[in-house]
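In: Structure for this input, please:
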Amino acid sequence: MIKDIRLHGRHSKEIEFFANLAGEKPLSSHFYEIEKVKDEREISFFLAGNYITLEKDKIIFSGTGGIVSEYMFGSPLPLNDLTHKEIQNRLLLFGTRQGDKGLEFSPNLRGEITYKELFLEGNAISNIFFLVKANWPYSLRRTQEVLLKILGKLLKRTSYVGEENDDALSESILKEISDPDALLLMVRLKHKTNSQFYKFVQRHYSKKKLWTDEDEAFVMKFADEINIEEYQRRRIVIDILYKSQENRAIVDEYKDILAFALNTPLDSNKIARLNSLRNLAMRHNLPLALFDTLDNLIPKAKDLLQKEKESPFLREMRSIFEGLFLSSARPREVIGKEEISKLLKIKHKAHVNRDNGFEHILLETGRILDEKAAETEDFEAFELFTEIVTYFDRLDNAMNVINHLAFLEEAEISEDKIRSLLGNKKMLDEIDPKILGELLIEPIYNNVYSLRFGKKKVELLMNTIKKIEKNELNITQAAFQINSIANAERVHNFILQKIKDIFSRFYFDLGKPSHISILKKEIFGLVKKNFGEEYRVPEGAFESALEQFISENEYLTSILPRVIKENNEGLREQFIKEKNIDRSRIEEIEKEYKRGNDIEEASEDSFSNLNFDELLKFTDN
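Out: Now for the predicted structure:
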């Protein structure tokens, strides 16, 4: 007895299909038809009057069923799905739409969608159309409601969709329907080119577990060769990075905090944790677009309603911009350098406090000035507004260069980045010579999450910038000097890791100079082997790494158990200050210790009691 019939074929150069007809009763093999229409091949799949037709540019469907696909990170995610970690898939039922009071059902189950829309709005790789035929005494509208009730939980949560396990998926669907007469037709459409790129990126990332600008450039060359759309290539990369187990833990914690914000306004500790997670993401070379995507899911209107009143600095921003369309004076008399400097500081403050009101006012101002210019044909105010936005962009670009050095391990700088920073600094200095130092540099030195080597690189960067401006140094020399620190950092990290590896296998008594000498000789041999025979180990690199190893071991075996037992945050902070170990490294040690000793993470992280102003404030891109 035939219980499953499968058909696999290629509809076009890019699209292939996998059709699966399943049921408990004997099936007919005549469930599809291929015909030529205007020299183009069309294939239709039938199920008791329902159908799915693959035309040249679109899919036409009609019947009781829907579309299901695995969520890709970066795709629009309903707020209800955001709050449920177990939800993996996007489910659309034919004839439904999201109304003001929830999902609305219609008896009209016919529709169409282009292939481009399908793979943009759904999954970039694979999407499943399904039709169900059951002997239920219901109308079409009611049947869809019943299908949602019966299959909704399964289809939203099953891993079979993402795994492309059609056999297991069809079996589980029929099991849920629990009707011996039920029939199921599934047609999975797969985008071959996108799939090819996905596998290429996946293989590349699995080898390195890092994602740098060089990796980005490498995979994008292949994307250009096989003609992957810009949006899809970014989306695919982000999805792969998110699905890495280590990365996913960071992003999911971020998501959990945002989900909490759906019902309760975020306090300073939670905002601080969001920012620290962004910092941790930078250390893992994760694109901050992962987090920007989630940020956009917070209902901005709701955020505004939750605030009793607009922040004082936003009221000042609004007052400055209102002068452009309320004053009779010329725009440049209303907003000069002093006002632009204030706006830059307001932008930074809104950024630190994650206040979406800034963007809201900016968009509103731009819209009003655009409409006013169209009516009066006087573009002076709108042109000034555009210049101000350009200053905002210059501040953002400068921040990205500086933060990259400060918060990313072993980060280097290119000559182009230095050249860009010089140009942005020059323009910002014309507004306020102190603005760059006040908003970007001083916070780096005061920030407990900036890295030790990162601070050195930022300090040297600003010193070399001054020398370049005085023609005492050129850009090539500046880049070489800064990247020398990155090289020393790279060697330090390498030596530290090798010391740990050796101590995991052999015993050394660090109280005996002879043992230290043997260890140093072994380490230098490994450095030469890795960096080349001609490589010169920076002076003091071994001693610095050994000192950090001893300090980390002291914290793990002696200090941390006391911190946990006595709930003594002061002891923790004192140790970090005295030993000058990166706070992010201390947090990694704590997580490893808790995992190894089956200690549950507290609802608020151990550093959440620190002053909010001391935590990471501006790692967003």
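
In: helix or strand right after the lowest-mean-pLDDT helix or strand in the chain?
Out: Sorting the helices and strands of the chain by mean pLDDT, DSSP states H and E puts helix 300-306 at the bottom, at a mean of 40. Using DSSP states H and E, the helix or strand that follows helix 300-306 in sequence is helix 312-326.

In: what pLDDT, on average, does that next one get?
Out: The average pLDDT within helix 312-326 is 84.

In: where does the stretch 151-300 of the chain dip in pLDDT?
Out: Low-confidence segments of the stretch 151-300 of the chain (pLDDT under 70): 261-273, 275-276, 279-280, 282-285, 287-290, 292-293, 296-300.

In: what do you get for the stretch 451-600 of the chain?
Out: 600.

In: can we see that at 80?
Out: Low-confidence segments of the stretch 451-600 of the chain (pLDDT under 80): 595, 598-600.

In: Which stretches in it count as helices?
Out: Remark: helices assigned in the stretch 451-600 of the chain by DSSP state H, counting those that start in this stretch are 452-469, 475-503, 513-531, 541-554, 560-566, 569-579, 583-596.

In: now these in a markdown table, with mean neighbour count and distance to V201?
Out: Heads up, the C-betas are built off the backbone N, CA and C, glycines and all. Shown next, in a markdown table, are the helices of the stretch 451-600 of the chain (neighbours: other C-beta atoms under 10 Å; distance: least, C-beta to C-beta, whole Å):
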| stretch | mean neighbour count | distance to V201 |
| --- | --- | --- |
| helix 452-469 | 18 | 28 |
| helix 475-503 | 18 | 25 |
| helix 513-531 | 14 | 27 |
| helix 541-554 | 17 | 34 |
| helix 560-566 | 14 | 38 |
| helix 569-579 | 14 | 37 |
| helix 583-596 | 16 | 27 |
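
In: do you know which of those lies nearest D252?
Out: Of all these, helix 583-596 sits nearest to D252, with 14.3 Å by C-beta to C-beta.

In: before we move on, back to that, who wins for proximity to I177 among the helices of the stretch 451-600 of the chain?
Out: Nearest of these to I177, taken as C-beta to C-beta: helix 583-596 at 41.9 Å.

In: picking that back up, of the helices of the stretch 451-600 of the chain, give the one that comes closest to L277.
Out: The minimum distance between L277 and those falls on helix 583-596, with 10.8 Å, by C-beta to C-beta.

In: Quick one: list the elements packing against that closest one.
Out: helix 268-283, helix 560-566, helix 569-579 (3 or more C-beta pairs under 8 Å, 6 or more residues apart in numbering; DSSP states H and E).

In: and if we set it to 10 Å?
Out: Identification of packing neighbours for helix 583-596 by 3 or more C-beta pairs under 10 Å, 6 or more residues apart in numbering; DSSP states H and E yields helix 268-283, helix 541-554, helix 560-566, helix 569-579.

In: ok, back up a step: between the helices of the stretch 451-600 of the chain, which one is nearest to I418?
Out: Among these, helix 475-503 comes nearest to I418, with 5.1 Å by C-beta to C-beta.

In: by contact count, what packs against the closest one?
Out: Counting by 3+ C-beta pairs under 10 Å, 6+ apart, helix 475-503 packs on helix 380-407, helix 415-431, helix 452-469, helix 513-531, helix 541-554.

In: how much does it deviate in direction from helix 541-554?
Out: Here the directions of helix 475-503 and helix 541-554 differ by 50 degrees (axes from the mean of the first three to the mean of the last three C-alpha atoms, to 10 degrees).

In: Quickly find the element holding the closest residue to R233 other than its chain neighbours.
Out: Spatially, and ignoring its direct neighbours in sequence, R233 is nearest to A223 (4.4 Å; C-beta to C-beta, 6 or more residues apart in numbering). Assigned by DSSP H and E, A223 belongs to helix 213-226.

In: Tell me the buried residues in the next helix or strand after that helix?
Out: Next along the chain after helix 213-226, taking DSSP H and E as the criterion, comes helix 230-243. Using 16 or more other C-beta atoms under 10 Å as the test for burial, helix 230-243 gives Q232, R233, R234, R235, I236, V237, I238, D239, I240, L241, Y242.
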